[in-house]
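A.B. asks: give me a model of this one.
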Amino acid sequence: MSTPRGSHASVGGGSHGGGSHGGGGNTRANTLDLSNHVDHLVIVKLSGGRQVRGILKGWDPLVNLVLDETIEELRDETDAYKPSGMERKLGLIVARGTSVMTISPADGVGVLHENPFVSEGPEA
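C.D. replies: Below is the predicted model of the structure:
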C-alpha cells in the first residue's frame, strides 16, 4: 500500500520530537526542537554571509525553515560579512536547511542554571 507523496512528514508543529527515520525500526530522538520558537521572531544566519529575520512558522528534520514577514539585512557590496544598514522585505520564505548556519531567537537567549549535559550519576 502506498502513501501520498509528502503525507509522511509535516512542517512545524510539535511532531518533531522523534520517531522512525527510515526502515529497520531504529528510532532516534530529534535533537533540534524549535517548537518553543514557532510564531516568534528568529534570526537566521545563512551560508555566504546572508542574514534574515522573520517569524518561524515551521521546520522539518532537515532544518528547512518556513519564515513569514521575513526581512533580509543587506550586506556591503565589497564585503559580504559587513552589514550595510539597509534591509529588504522578503515576506514568506523557505530557507533550505543546507544553507542554514545558525538559528537564534531575536529576543536573546536565556541563562542556563544547570548544565544539561552533566549526568547525575556517580563520578567515574
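
A.B. asks: helix, strand or coil for Val63?
C.D. replies: Following DSSP: H, G, I helix; E, B strand; the rest coil, Val63 is assigned to coil.

A.B. asks: how close does it get to Tyr81?
C.D. replies: Separation of Val63 from Tyr81 (Cβ to Cβ, to the nearest Å) stands at 22 Å. C-betas here are computed from N, CA, C, even on glycine.

A.B. asks: average pLDDT across stretch 76-89?
C.D. replies: Stretch 76-89 carries an average pLDDT of 86.

A.B. asks: which of the helices or strands spans Gly85?
C.D. replies: Using DSSP states H and E, Gly85 sits in strand 83-95.

A.B. asks: which residues touch that strand?
C.D. replies: Contact with strand 83-95 is made by 44, 46, 51-52, 54, 57, 64-77, as judged by Cβ atoms under 8 Å, 6 or more residues apart in numbering.

A.B. asks: setting aside sequence neighbours, what's the nearest residue to Arg53?
C.D. replies: Distances taken as Cβ to Cβ, 6 or more residues apart in numbering put Ile43 closest to Arg53, at 4.8 Å, once the chain neighbours are dropped.

A.B. asks: just the element for the one you found, please.
C.D. replies: strand 41-46.

A.B. asks: who are the packing partners of the host helix or strand of Ile103?
C.D. replies: Applying DSSP H and E as the criterion places Ile103 in strand 100-105. Secondary-structure packing of strand 100-105 (3 or more Cβ pairs under 8 Å, 6 or more residues apart in numbering; DSSP states H and E): strand 41-46.
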